[in-house]
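Trainee: just need the structure, nothing else, for what follows:
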Amino acid sequence: MLKGGKLQLLTKDMTLPNGLAFTPDEKYLYVSDSVKKTIMRFEVQSDDTVANGQLFIDMTSDKAPGGRMA
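Mentor: This next block holds a predicted model:
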C-alpha cells in the first residue's frame, strides 16, 4: 500500500503475488499467488490495512468447482 508517500507491506502470506482486484465496494481484496496457484481473499479494514486472509480459490486441482473439468 502506498499511503502518505510511504510504502507499506500488507501481508507476508504470498510467495509470488501476481494480480489483485477489489470488490466494487472495496470491502475485499483478492490476490493471486503464481507459485502456490491460489487466490486469497482479504478483508479491507477502515485504516486501509487487510485482515482475515482466507483461501478463496485453489487452482492446483484439475477439476473446476462442481466437478466439471476445467
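Trainee: could you point out the longest strand in the chain?
Mentor: The longest strand of the chain (DSSP state E) is strand 50-58.
Trainee: pull out the buried positions in that one.
Mentor: Neighbour-count burial for strand 50-58, counted by 16 or more other CB atoms under 10 Å, picks out Val50, Gly53. C-beta here means a position set from N, CA and C on the backbone, and glycine is covered the same way.
Trainee: relative to that strand, what are the paired strands and their orientations?
Mentor: Sheet pairing for strand 50-58, assigned by DSSP bridges, gives strand 38-44 (antiparallel).
Trainee: now do the partner strand, average pLDDT.
Mentor: Average pLDDT, strand 38-44: 92.
Trainee: alpha carbons of that strand, as CSV, please.
Mentor: Output in CSV follows, covering the C-alpha atoms of strand 38-44 (Å, rounded to 0.1, in the frame of the first residue of the first chain):
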residue,chain,number,x,y,z
THR,A,38,-4.2,-19.8,-5.3
ILE,A,39,-6.3,-16.7,-4.9
MET,A,40,-6.6,-15.3,-1.4
ARG,A,41,-9.4,-13.0,-0.1
PHE,A,42,-8.6,-10.3,2.5
GLU,A,43,-11.0,-8.0,4.3
VAL,A,44,-10.0,-4.4,3.8
